[in-house]
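*Asks:* Just to be clear, the model below is a prediction. Sequence and coordinates:
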Amino acid sequence: MARKANYDEKISALEAKIEKKQREIKALKAQVSDLKAKKAENDYKELTEYMLANNLTAEEVLACIKD
């Protein structure tokens, strides 16, 4: 019986480690998502500032990109 308890403890320890790593992965994915959102916001701001500085419309910019 002692061996069974030993395996149960090892299994429990490994499951606890898995749960911890899953929480860490979830937190890292949230950080990635936040950074992507900030990057997109910054890119949009940079684009709109460029458009305003050069007196361009969205249609004009899209026409340049498509060509």
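*Replies:* Sure, I can see it.
*Asks:* For stretch 60-67, buried residues please.
*Replies:* Residues of stretch 60-67 classed as buried by neighbour count (16 or more other C-beta atoms under 10 Å): none. Glycine gets a C-beta too; all of them are placed from N, C-alpha and C.
*Asks:* Run through the residues that contact Ser33.
*Replies:* Contact criterion C-beta atoms under 8 Å, 6 or more residues apart in numbering gives no residues in contact with Ser33.
*Asks:* what about it, which helix or strand?
*Replies:* Ser33 is part of helix 2-53 when elements are defined by DSSP states H and E.
*Asks:* Below-threshold pLDDT in the protein: ranges please.
*Replies:* For the chain, applying pLDDT under 70 flags the ranges 1-5.
*Asks:* again, 90 this time
*Replies:* 1-6, 8, 64-67 (pLDDT under 90).
*Asks:* Just list what whichever helix or strand comes after the helix holding Ser33 packs against, helices and strands only.
*Replies:* For helix 2-53, the following helix or strand on the C-terminal side (DSSP H and E) is helix 58-66. Judged by 3 or more C-beta pairs under 8 Å, 6 or more residues apart in numbering; DSSP states H and E, helix 58-66 is in contact with helix 2-53.
*Asks:* so how far is the helix it packs on from its chain's centroid?
*Replies:* Its chain's C-alpha centre and that of helix 2-53 lie 7 Å apart, by C-alpha atoms, centre = their mean, to the nearest Å.
*Asks:* Can you check what angle separates it from helix 58-66?
*Replies:* Angle of helix 2-53 versus helix 58-66, following axes from the mean of the first three to the mean of the last three C-alpha atoms, to 10 degrees, is 110 degrees.
*Asks:* Make 417 the starting number, not 1.
*Replies:* Yep, numbering from 417; the last one is helix 418-469 now.
*Asks:* With Lys461 as the reference, measure out to the residue nearest to Leu463 when sequence neighbours are not counted.
*Replies:* Here the nearest residue to Leu463 in space, its sequence neighbours aside, is Val477; by C-beta to C-beta, 6 or more residues apart in numbering that works out to 7.7 Å. Noted for Val477: a distance of 15 Å to Lys461, by C-beta to C-beta, to the nearest Å.
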